[in-house]
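**Q** give me coordinates for this.
(one chain, ligands or ions: 1)
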Amino acid sequence: MVKKDGMLEIDGSQILPRAVFEASGHLASFTDPLVRCSKCGSVFRPDKLVEEKTGKQVPEKLEDAEYDSLMDKSGVKCLKCGAKLSGTSRFNMMFRVGIGPSMEEAYLRPETCQSIFVDFPLLFKTQRVKLPVGIAQVGRSFRNEIAPRQGLIRLRELNQAEVEVFFNPGKLDSPRFDWAQSEVLSFRYPDGKDARISVAEGIADGVVPNRLVGHYLALMAKFYEVAGIRPEGLRFRVLSEEDRAFYSKAAFDLEVKLSMGWLELVACNYRGDYDLGRHAKVSGTDFTVDDGGEKVLPHVFELSMGVDRSVYAVMESSMTGEGDRRVMALRPYLAPVQACVFPLVNKDGLQEAAIALFRELQEHLEVFYDESGSIGRRYARADEAGVPFCVTLDYDTLKEDTVTLRSRDTRQQERVAMSDLAGKIVSLTGFPTIRAKARQA
Ligand SMILES: [Zn+2]
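**A** Numbers count the residues shown, from 1 in each chain. This next block holds a predicted model:
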């Protein structure tokens, strides 16, 4: 995505001073509702308790008293002692830290994007870019979640990949966005209706605010399709005005369908000039830039991806198999281990030959050596771990320097000369290039 769109990449600080979060609004409003049991002192998220009890989604951004009345209505009780719960308050989820011996007030970043905003004027000036431009960052963020759970889904230390696209709101018609007009995306509207429509239709319908946003929504959907998620299992949930922040002009949650239901992977948010405007105000710095002779405070379209939950989603979506056979059919270019090396038996020199081949392949690929159990068992273990190719050395290997290369997805085996093996696996597990696609066509 980053390369295709010509984005910049940065690696910002994880610790940022108070002023950054004063400007961003996190100090005042990066809070979760919290209710403490008056009898036993246990702490809960009132919205989650109600959701678990009723099976219905609780809207975001309710008043504290509204949570109290929801808990009352749905009969939610303390999970520990059974007492009635009331008295919702607010908990700021940022981890506070101190800088230097004077312990100057600072925080671990709760999202990666704030350093993209504060660095924007300098990046724009020094990197010789023009609007519109995306700036991307991957890294750790920290949130003092009241109830982290579901493994990779809700973590206190999470990995994010965020893109902030800066653009001139008066110029939204770049030919760069043409390709996306015919891309078909799924939308879930606030009233519960679903539609599968092209970006152009979405713009005509008003659900997609402009061509630039359509371009990035389509890029995002493509990204997950390339990662192995079926398009039918992806949708953009359109956030209603009540569910959006006051500055947000349009917002979508990219969701994926998993065994646990629909899970949000990416928050896509048209944030207007809120972020740059706030940082300009609090820092007293000019955040306007030159766009073809016009002085402009850029608008921002944000794509905020949860990396950990995306990894989980890709893994779950890749699980297939029939009967007892379990296969994690990761795309070969995503597989952490690209090939396994097996000697057919551990005698007659096959073991030594296999170890030598394994060492050689290690220089080019991520490989795993396995000599225990039957060949069938070893194939099954490799399939389940998502390894796309297995290499087996047998008696013919010793005679003619060839091995068996077995594909996880087709279960076909072919004889390959040892000298061609590394190059062959590298090309089979490489990211499909434009040239390879053209060849297929
Ligand atoms: Zn209690």
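**Q** residue 62 contacts residue 33, correct?
**A** Yes - contact criterion CB atoms under 8 Å: residue 62 and residue 33 qualify, at 7.4 Å. Backbone N, C-alpha and C define where each C-beta goes, glycine included.
**Q** between these two, which contacts overlap?
**A** residue 47 (CB atoms under 8 Å, 6 or more residues apart in numbering).
**Q** of the two, who's got more company?
**A** The neighbour comparison of residue 62 against residue 33 (other CB atoms under 10 Å) goes to residue 33, with 23 against 17.
**Q** which helices and strands sit right next to the helix or strand harbouring that one?
**A** Assigned by DSSP states H and E, residue 33 falls within strand 31-36. Packing contacts for strand 31-36, counted by 3 or more CB pairs under 8 Å, 6 or more residues apart in numbering; DSSP states H and E, involve strand 43-44, helix 46-54, helix 64-74, strand 89-92.
**Q** what do you get if the cut-off is 6 Å, keeping everything else the same?
**A** helix 46-54, strand 89-92 (3 or more CB pairs under 6 Å, 6 or more residues apart in numbering; DSSP states H and E).
**Q** for the closest residue to the ion within the stretch 151-300 of the chain, give me the backbone phi and psi.
**A** Closest to the ion within the stretch 151-300 of the chain is residue 154: 22.2 Å, counting by CB to the ion. Dihedral pair for residue 154: phi -130, psi 110, per degrees, to the nearest 10.
**Q** residue 217: which of the helices and strands packed on strand 31-36 is closest?
**A** helix 46-54 (27.1 Å; CB to CB).
**Q** need the contact list for residue 343.
**A** Neighbouring residues of residue 343 by CB atoms under 6 Å, 6 or more residues apart in numbering: 350, 351, 354, 371, 393.
**Q** so how far is residue 153 from it?
**A** For residue 343, the distance to residue 153 (CB to CB, to the nearest Å) stands at 40 Å.
**Q** neighbours of residue 28, how many?
**A** 10.
**Q** so it is in which element?
**A** With DSSP H and E as the test, residue 28 turns up in helix 26-29.
**Q** so which residues make contact with that helix?
**A** By CB under 6 Å, 6+ apart, helix 26-29 touches residue 21.
**Q** can you do 8 Å?
**A** 18, 21, 92, 94, 107, 110, 114.
**Q** out of these, which end up buried?
**A** Among those, those scoring as buried are 21, 92, 94, 107, 110, 114 (criterion: 16 or more other CB atoms under 10 Å).
**Q** what sits against the second one?
**A** The neighbours of residue 92, taking CB under 8 Å, 6+ apart as the test, are 26, 27, 30, 31, 144.
**Q** how close does the second one get to the ion?
**A** Right, residue 27. Per CB to the ion, to the nearest Å, residue 27 is found 31 Å from the ion.
**Q** and for that residue, the neighbour number?
**A** Counted with other CB under 10 Å, the neighbours of residue 27 add up to 17.
**Q** same question for the first one.
**A** One way to gauge burial is a neighbour count; for residue 26, by other CB under 10 Å, it gives 20.
**Q** just give the nearest non-adjacent residue to residue 259, would you?
**A** residue 316 (6.6 Å; CB to CB, 6 or more residues apart in numbering).
**Q** show me what the longest helix along the chain is packed up against.
**A** Across the chain, the longest stretch assigned as helix under DSSP state H is helix 211-226. Counting contacts by 3+ CB pairs under 8 Å, 6+ apart, helix 211-226 packs against strand 157-167, strand 184-188, helix 199-205, strand 234-238, strand 250-258, strand 261-272, strand 299-306.
**Q** can you redo those as JSON lines with mean neighbour count and distance to the ion?
**A** Compiled in JSON lines, the helices and strands packed on helix 211-226 are given as follows (neighbours: other CB atoms under 10 Å; distance: least, CB to the ion, whole Å):
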{"stretch": "strand 157-167", "mean neighbour count": "21", "distance to the ion": "28"}
{"stretch": "strand 184-188", "mean neighbour count": "19", "distance to the ion": "37"}
{"stretch": "helix 199-205", "mean neighbour count": "17", "distance to the ion": "48"}
{"stretch": "strand 234-238", "mean neighbour count": "21", "distance to the ion": "34"}
{"stretch": "strand 250-258", "mean neighbour count": "21", "distance to the ion": "32"}
{"stretch": "strand 261-272", "mean neighbour count": "19", "distance to the ion": "28"}
{"stretch": "strand 299-306", "mean neighbour count": "23", "distance to the ion": "31"}
